[in-house]
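Undergrad: any chance you could fold what I've pasted below:
(one chain, ligands or ions: 1)
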Amino acid sequence: MALPVVAIVGRPNVGKSALFNRILGERRAIVDPMAGLTRDRLYAESEWRGRKFVIVDTAGLVLGKDRDEIPAQRELRRRMEEQSRLAIEEADLVLFVLDVREGLTAVDRDIAELLRKSRTPVLVVANKADGRGREVLASEFYELGIGDPWVISALHGTGSGDLLDAVVEKLPPPKPEVVDDKLAGRVAILGRPNVGKSSLVNALIGDARSLVTAVPGTTRDPVDTTVTFQGKRVLLVDTAGIRRPGLTRGVEQYSLLRGLRAMERADIGIVVIDAKDGLTAQDAHIAGYVVEAGRGLVLVLNKWDLLTPEEKEEKVWRRKVKEALSFAPWAPISYVSAKTGQRVAQPLEVALKVVEERRRRVSTPELNRWLRTILGKREPPTRKGKRLKVLYATQAEATTPTFVFFVNDPELVHFSYRRYLDSQLRQAFGFGGTPIRLVFRKRGEET
Ligand code: GDP
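TA: Numbering: from 1, shown residues only. Down below sits the predicted model:
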């Protein structure tokens, strides 16, 4: 399902992250903890009164070189501004956060100007209204002329319920998903700027037969391309967002937000990495989002042609990838050159295999036979003298392979035992290239 996107915008220190966390609320804790997964969440699914949406903290939308690699602060600021501008265009709703304690600043006025020019609906949020009388201070925000401020304290939660009511009211009506039974898979191609995403897509489309010509879409209505690839129909999600013809090079064309939106609508995320640059923290971040969203993950080390023969040691790369992406040791890697065409079809071939892996269903008797053998191989852990008992397991109906384990006490499930079960499941049944979710329930809470 394509969820509407709500972007939190504002100058530094007004409390964007606090608001992000407040909106996420309890849902934060539900997220499956996986080793090494990026901690600084900037993008997450949320829900209020039955309406689901994606919430984004634009402060974190910095792409390109890694943040600490950028020598000039100016460059960092430029990238952040560019990403915020793109986020405003691509969001369905913007929460413009202001600080009642500091009042209006010149930067606030600049952002307001940007917002007035864009057609994206905006809610003005007057934050840090912790004490009495803060409402009075918020009154100066009316002069911006972009709507009445919602007075809140993100830290204490005051006013956030009313704000969320307003948010869901402003969201566009849900769009029905296009159902296409003949599709073999929906694939999103993701990565930092200049890693070679467009080159790869172009190489692929050259390889495949393009069925649907991309009609230029607006930023909020992405254009997908359906291709016939080795006799199968594959949807390349938001290819227009990647290809964007006619834009001058040097402009930051790609926004992380746009990539993440594309991922939401895909089964598989192909994350392109510039092998010449090596693995960066941003690459790992992007891969982390794919895994967290429960999508299949295929890694592509591109620009293989630029490497020296010594640098082409695949074994060394596999080790490096496992270190940097310890949350996805199961992700397949393709080594390609979009420029020379070397192995360009492989990532899509692998992606379609991953789609199949995700469809695998293990029957309950088979799963429980497996469970008995692996419980015998390694005894479940104890905590405070109490031992974990795993009674039985079943695979749930879900697009991300999900296994429910009924136990005596879910609190006793240690991280390392969770990882053990994960790797044992993979050894026995496959599930290559896809995250699997393990859910632990107390016995007696079957429904
Ligand atoms: P995007 O921003 O990720 O879409 O990256 P582009 O596809 O625009 O590529 C960025 C630059 O890298 C361009 O100058 C490409 O010609 C170049 N490039 C892309 N793939 C390769 C490759 O496999 N080898 C080499 N040598 N250059 C590449």
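Undergrad: who touches residue 182 in this structure?
TA: The neighbourhood of residue 182, defined by Cβ atoms under 8 Å, 6 or more residues apart in numbering, consists of residue 233. Every C-beta, even on glycine, is put in place using the N, C-alpha and C of the backbone.
Undergrad: against residue 443, how distant is the most centrally placed residue in the chain?
TA: Closest residue to the average C-alpha location of the chain: residue 289 at 3.3 Å, with Cα atoms, centre = their mean. Residue 289 sits 34 Å away from residue 443, going by Cβ to Cβ, to the nearest Å.
Undergrad: near the ligand, which residues of the chain?
TA: Proximity of the chain to the ligand, by Cβ under 6 Å from any ligand atom, involves residues 191, 193-199, 242, 254, 302-303, 305-306, 337-339.
Undergrad: any of those residues buried? List them.
TA: 191, 193-199, 242, 254, 302-303, 337-339 (16 or more other Cβ atoms under 10 Å).
Undergrad: contacts only, for the residue nearest to the centre of the chain.
TA: 38, 43, 260, 263, 269.
Undergrad: who wins for most neighbours among those residues?
TA: Neighbour counts for the contacts of residue 289 peak at residue 269, which has 29 neighbours (criterion: other Cβ atoms under 10 Å).
Undergrad: which is the next helix or strand following the helix or strand containing that residue?
TA: Using DSSP states H and E, the element containing residue 269 is strand 268-274. Using DSSP H and E, the helix or strand that follows strand 268-274 in sequence is helix 281-292.
Undergrad: now that following helix and strand 268-274, what's the angle there?
TA: Interaxial angle of helix 281-292 relative to strand 268-274 (axes from the mean of the first three to the mean of the last three Cα atoms, to 10 degrees): 170 degrees.
Undergrad: so where's the stretch 301-447 of the chain uncertain?
TA: The stretch 301-447 of the chain contains residues with pLDDT under 70 at 445-447.
Undergrad: now the strands: where do they sit in it?
TA: With strands called from DSSP state E, counting those that start in this stretch, the stretch 301-447 of the chain shows them at 333-335, 382-383, 386-387, 390-396, 402-407, 437-442.
Undergrad: just the CA trace of the last one, in PDB.
TA: Which is strand 437-442. Extracted C-alpha coordinates of strand 437-442, given in PDB (Å, rounded to 0.1, in the frame of the first residue of the first chain):
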ATOM      1  CA  ARG A 437      10.100 -11.700  11.400                       C
ATOM      2  CA  LEU A 438      10.000 -13.700  14.500                       C
ATOM      3  CA  VAL A 439       7.200 -13.100  16.900                       C
ATOM      4  CA  PHE A 440       7.000 -14.500  20.400                       C
ATOM      5  CA  ARG A 441       3.700 -14.900  22.100                       C
ATOM      6  CA  LYS A 442       2.800 -16.200  25.500                       C
END
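Undergrad: tell me the SS of residue 111?
TA: Put simply, residue 111 is helix when judged by DSSP: H, G, I helix; E, B strand; the rest coil.
Undergrad: now the one 3 residues further on
TA: The three-state label given to residue 114 by three-state DSSP is helix.
Undergrad: isn't it right up against residue 85?
TA: Yes. Assessed by Cβ atoms under 8 Å, residue 114 is found in contact with residue 85 at 6.5 Å.
Undergrad: how is the protein partitioned into domains?
TA: 5-170, 185-358, 364-442 (automatic domain parsing).
Undergrad: give me whichever of those domains is most buried.
TA: Of all the domains of the chain, domain 185-358 has the most neighbours on average by mean count of other Cβ atoms under 10 Å, namely a mean of 19.
Undergrad: mind checking the end-to-end distance for it?
TA: 11 Å (Cα to Cα, to the nearest Å).
Undergrad: same thing with stretch 420-439?
TA: Start-to-end, stretch 420-439 (Cα to Cα) is 14 Å.
Undergrad: what's the helix or strand for residue 96?
TA: Using DSSP H and E, residue 96 sits in strand 93-99.
Undergrad: show residues contacting that strand.
TA: With Cβ under 8 Å, 6+ apart as the criterion, strand 93-99 contacts 4-10, 13-16, 19, 88, 104, 108, 111-112, 115, 118, 120-128, 138, 141, 146, 149, 163, 167, 170-171.
Undergrad: tell me the span between the first and last residue of stretch 375-383.
TA: End-to-end span of stretch 375-383 (Cα to Cα): 17 Å.
Undergrad: so what touches that stretch?
TA: 387, 388, 389, 390, 411, 412, 414, 416, 417, 420.
Undergrad: do the same with stretch 395-402
TA: Contacts of stretch 395-402 (Cβ under 8 Å, 6+ apart): 267, 294-295, 358, 360-362, 364, 367, 403-404, 431, 434-439.
Undergrad: chain center to that stretch, what's the gap?
TA: 19 Å (Cα atoms, centre = their mean, to the nearest Å).
Undergrad: again with stretch 436-447
TA: Worked out by Cα atoms, centre = their mean, stretch 436-447 lies 25 Å from the chain centre.
Undergrad: what residues does that stretch touch?
TA: The contact list for stretch 436-447 (Cβ under 8 Å, 6+ apart) reads 32, 294, 391, 396, 398, 400-410, 413, 418, 421-422, 425-426.
Undergrad: which strand residues bridge residue 226?
TA: Residue 226 forms beta bridges with residue 235, as assigned by DSSP bridges.
Undergrad: and what of residue 390?
TA: residue 407.
Undergrad: my read: it touches residue 404, true?
TA: No. Counting by Cβ under 8 Å, residue 390 stays clear of residue 404, with 11.1 Å between them.
Undergrad: which residues in the protein form helices?
TA: Using DSSP state H, the helices of the chain run over 16-24, 27-30, 73-90, 106-117, 134-138, 160-170, 197-207, 239-243, 256-264, 281-292, 314-324, 346-358, 364-377, 415-429.
Undergrad: among those, which is nearest residue 273?
TA: Closest to residue 273 of the helices of the chain, according to Cβ to Cβ: helix 281-292, at 4.9 Å.
Undergrad: for the closest one, C-alpha coordinates in PDB please.
TA: Coordinates of the C-alpha atoms in helix 281-292 are reproduced here as PDB (Å, rounded to 0.1, in the frame of the first residue of the first chain):
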ATOM      1  CA  ALA A 281      27.400   4.600   6.400                       C
ATOM      2  CA  GLN A 282      24.700   6.000   4.100                       C
ATOM      3  CA  ASP A 283      24.700   2.800   2.000                       C
ATOM      4  CA  ALA A 284      24.200   0.900   5.200                       C
ATOM      5  CA  HIS A 285      21.400   3.300   6.300                       C
ATOM      6  CA  ILE A 286      19.500   2.800   3.100                       C
ATOM      7  CA  ALA A 287      19.800  -1.000   3.300                       C
ATOM      8  CA  GLY A 288      18.700  -0.700   6.900                       C
ATOM      9  CA  TYR A 289      15.500   1.000   5.800                       C
ATOM     10  CA  VAL A 290      14.700  -1.700   3.300                       C
ATOM     11  CA  VAL A 291      15.200  -4.500   6.000                       C
ATOM     12  CA  GLU A 292      13.200  -2.600   8.600                       C
END
